[in-house]
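Engineer: just need the structure, nothing else, for what follows:
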Amino acid sequence: MMLEINSDYPQPHQISRIVESLKDGKVIAYPTDTTYGIGCSIFCKKSIERIYQMKQRDRRKPFSVICSSLSEISHYAKVSNSAFKIIKRHLPGPYTFVFEATREVPDLLLTRQKTVGIRIPDNRICRDLVSALGNPIITTSANISGEEPEGDPRNIADTFGNQLDFVIDGGILTTDVSSVVSLIGATPEILRVGLGDVSWCGK
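Structural biologist: Now for the predicted structure:
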């Protein structure tokens with residue numbers, strides 16, 4: 001189902017409608033500050049497995065998660081003082097930061113090294129969803145694995161059909177992805193260059 005939500009002033013009743021669906025294990029497509037993402041609650045294992053299937057994604061590649069605030073990140077990731085200063089400076093924004101995970105992160109979302117990628121996009125819709133839900137949602141680009149990301153919600157609906165319970169229409173977006181930076185070591189490590197500027201890494 002296509003559902004239009006105002007990106008600047010998300011309608012509370014529409015947010016509540018999507019949140020209830022997430023609590024029921026539904027899978028949605030939603031806008032971020034880069035391209036569209038596909039997600040569900042991080043605590044719904046069946047829905048996470050469903051997203052792996054619909055994207056035809058390698059099970060050895062865990063999904064990242066979206067948090068609504070810096071304080072929520074510290075609940076799911078081990079954040080050093082220096083790392084906190086970095087994320088405070090760059091979030092919300094088009095970055096995925098990789099941390100050592102806490103025990104709160106479901107095993108299905110952990111890498112072999114027990115790390116997790118975390119985002120806070122500069123997009124009111126997805127932040128309001130996560131805040132109202134009370135826990136993170138997973139995030140992965142809205143495309144079949146190996147294909148280009150998709151910035152048009154109608155094309156996403158055409159590609160996945162009834163595999164998605166809701167497609168949130170937040171307008172046409174870029175097809176860029178987030179920059180991925182590991183904050184596990186003493187120095188930030190660039191893992192992927194995307195929309196977010198990474199010229200500050202190593203400084």
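
Engineer: please pull out the lowest mean pLDDT helix or strand from the protein.
Structural biologist: In the chain, no helix or strand scores lower on mean pLDDT, DSSP states H and E than strand 2-4, which sits at a mean of 94.

Engineer: contacts for that one, please.
Structural biologist: Contact with strand 2-4 is made by 14, 17-18, 153-154, 157, 166-169, as judged by Cβ atoms under 8 Å, 6 or more residues apart in numbering. The way it works is simple: take the backbone N, C-alpha and C, and place the C-beta from them, glycine included.

Engineer: again, only using 6 Å
Structural biologist: Here strand 2-4 makes contact (Cβ atoms under 6 Å, 6 or more residues apart in numbering) with 157, 166-169.

Engineer: residue nearest the middle of this structure, spatially speaking?
Structural biologist: Thr139 (2.9 Å; Cα atoms, centre = their mean).

Engineer: assumed it was part of a strand.
Structural biologist: Yes - assessed with DSSP: H, G, I helix; E, B strand; the rest coil, Thr139 lies in a strand.

Engineer: which residues sit in contact with it?
Structural biologist: Thr139 is in contact with 37, 39, 64, 66, 119, counting by Cβ under 6 Å, 6+ apart.

Engineer: re the thing from before, which of the contacts of strand 2-4 lies closest to Val181?
Structural biologist: Proximity of those to Val181 (Cβ to Cβ) peaks at Ile168, which lies at 26.9 Å.

Engineer: what is the closest one paired to in the beta sheet?
Structural biologist: Leu3 (DSSP bridges).
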